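1. could you work out the structure for the sequence below:
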Amino acid sequence: MGDYLVEVTCAMWNSERFVKLGSALDFALAGRGLAPFMPEPRVVEQAFEEKLIWSMDRFGELCERELSQEDIDAVLDWNILIPVEFDGSISLSVPSMYGETTTVRSAYRAQEVMRLLAARIGLPPGVPIDPTGLALTTWFDPVPQLDSRWRDDPTIVFYTALFLRAAEYSLRHACAISEA
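-> The predicted structure follows:
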């Protein structure tokens, strides 16, 4: 068990679990003058799926030092990340895995913030670019050879890569990323 970030394929988006959420999201997007969201139909051999395997405490501390609260929210305060450009968050009265509401954020904004953070910390070469099927989690466990400043605590590099790759994957494949 544990917490995962997973791709929501077109078939999943149309499943019972996401139908109510999708309808509420489309209504909220229309209120902002945006088109409805539908993941792009495509054949998915292996979907984006990554496990949050370590404590996020050190990553959270880095975010608090390096980012504004607005930037932190763009990266960490969501249940669904979608490839639609909009400001702030969309709060839906649809239960999420962890609460009575679902918070939706833009993958564009998350990618922008995470690219800046990744440039500041320096992602190591070899971090998977388009990870599927736990490729990123597997790459970090066991811990790869990292720069000496990250060797004792790879969690900062792992979570920077994870949230950057989740946003990039959402944009690249026109799909949602969800907590699971």
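2. how close does residue 161 get to residue 169?
-> Computed with C-beta to C-beta, to the nearest Å, the distance linking residue 161 and residue 169 is 12 Å. (Glycine included, C-beta is placed from N, CA and C.)
3. do residue 160 as well
-> 15 Å.
4. same question, residue 67
-> 21 Å.
5. which one of these two is surrounded by more residues?
-> Remark: of residue 67 and residue 169, residue 169 carries more neighbours, 25 against 19, as counted by other C-beta atoms under 10 Å.
6. now the element after the helix or strand of the chain with the lowest mean pLDDT, going C-ward?
-> When each helix and strand of the chain is scored by mean pLDDT, DSSP states H and E, helix 148-151 comes last, with a mean of 66. Following the chain from helix 148-151 toward its C-terminal end, the next helix or strand by DSSP states H and E is helix 155-173.
7. and that next one, which residues are buried?
-> Within helix 155-173, the residues that count as buried by 16 or more other C-beta atoms under 10 Å are 155-171, 173.
8. quick one: it to chain centroid distance?
-> From the chain centre to the centre of helix 155-173 is a distance of 6 Å (C-alpha atoms, centre = their mean, to the nearest Å).
9. after that helix, next one along is what?
-> Using DSSP H and E, the helix or strand that follows helix 155-173 in sequence is strand 176-179.
10. now the helices for the chain?
-> For the chain, applying DSSP state H gives helices covering 10-13, 16-31, 57-66, 69-76, 107-121, 135-140, 148-151, 155-173.
11. list the residues that contact the residue nearest the centre of the chain.
-> Taking C-alpha atoms, centre = their mean as the criterion, residue 166 is the residue nearest the geometric centre of the chain, at 4.1 Å. Counting by C-beta atoms under 8 Å, 6 or more residues apart in numbering, residue 166 makes contact with 5, 48, 50, 81, 107, 110, 177.
12. one more: residue 21?
-> Remark: with contacts taken as C-beta under 8 Å, 6+ apart, residue 21 is in contact with 80, 92, 94, 102.
13. those: which two are farthest apart?
-> In the contacts of residue 21, the most distant members under the criterion C-beta to C-beta are 80 and 94, with 9.7 Å between them.
14. which of the two has more neighbours?
-> Neighbours were counted for residue 80 and for residue 94 using other C-beta under 10 Å; residue 80 has more, 24 against 18.
15. what's the nearest residue to residue 90 if we skip its chain neighbours?
-> Nearest non-adjacent residue to residue 90, counting by C-beta to C-beta, 6 or more residues apart in numbering: residue 104, 4.2 Å away.
16. do the same with residue 140
-> Leaving aside its chain neighbours, residue 140 sits nearest to residue 158 (4.8 Å; criterion: C-beta to C-beta, 6+ apart).
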